[in-house]
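**Student:** predicted model follows, preceded by the sequence.
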Amino acid sequence: MIDIKLIRENPEIVKDNINKKFQNNKLKLVDEVRKLDEQWREVKQEADNLRHERNVISEKINQAKKEKKEKLAKELIKKAGKIPEEIRKLEEREKKFEEEIKAVMLQIPNIIHKSVPIGKDASENKEIKRIGKPEVPKYEIFNHAELAERLKGADFESARDISGNGFYFLIGKLAIVHSAMLAFARDYMIEQGFEYAIPPFMIRRKVVDGVMSFKEVENMMY
């Protein structure tokens, strides 16, 4: 998630970045965030002013008591007694604005690095470097999915019923090769001095809030 300061100070940079990603439908989000941010800052300032006023009144109450001005002290105490509730209401509005801002900010794409070429899709990708001379073999070439099925090492049909198109079960010897490669990589890295660890398989939502928009990938979550 980008820094909101960038939207406050340079909204055009953020909009230009959205244009470069060909996500023009998100341009309105920048102005939406700016408006919400202005409202949040107004409410926060109002709450801060009340906190300052409360401190000033407290000093006046102490001074009135010292000077034996009981009537004035009571009036000030009555006035001060209303402030906490007003602050509480403003803090609730602050929190509401913060949640709304965050929800919109998560939909605004991160800034593209200046080295990244601009293109609508993979067809407009630019070749940066080529190593070696490509050769076309004389035998028939299969993609990885076709090859896996021919080797009877993948079950796409069963996976389709469980996870949708594009997923597969690795089975038989291909599944064993897969595990062997992982074991080899694990053992190699341990030999290099790394400590082996198995992380939890569940992630708290707040951990990934800054790197993805749940609204856009909710159909992928399970």
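**Tutor:** Sure thing, it's come through.
**Student:** C-alpha from now on. contacts and neighbour counts both.
**Tutor:** Noted.
**Student:** need the three-state assignment for the residue of the chain most remote from its centre.
**Tutor:** Ranked by distance from the centre of the chain (Cα atoms, centre = their mean), the top residue is K68, with 57.8 Å. Assigned by DSSP: H, G, I helix; E, B strand; the rest coil, the conformation of K68 is coil.
**Student:** try V116
**Tutor:** Assignment for V116 (three-state DSSP): coil.
**Student:** try K120
**Tutor:** Per three-state DSSP, K120 ends up coil.
**Student:** pull out the buried residues from the helix or strand hosting E38.
**Tutor:** Element membership for E38, per DSSP states H and E: helix 27-66. Under the neighbour-count criterion of 16 or more other Cα atoms under 10 Å, helix 27-66 has 27, 29-30, 33-34, 36-37, 40, 43-44, 46-47, 50-51, 54, 57-58, 60-61, 64 buried.
**Student:** report all helices and strands that it contacts.
**Tutor:** helix 4-9, helix 11-20, helix 70-105 (3 or more Cα pairs under 8 Å, 6 or more residues apart in numbering; DSSP states H and E).
**Student:** okay if I get those as TSV plus mean neighbour count?
**Tutor:** Listed next are the helices and strands packed on helix 27-66 as TSV, based on neighbours: other Cα atoms under 10 Å:
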stretch	mean neighbour count
helix 4-9	14
helix 11-20	17
helix 70-105	15
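**Student:** quick one: which of these is nearest S163?
**Tutor:** helix 70-105 (27.8 Å; Cα to Cα).
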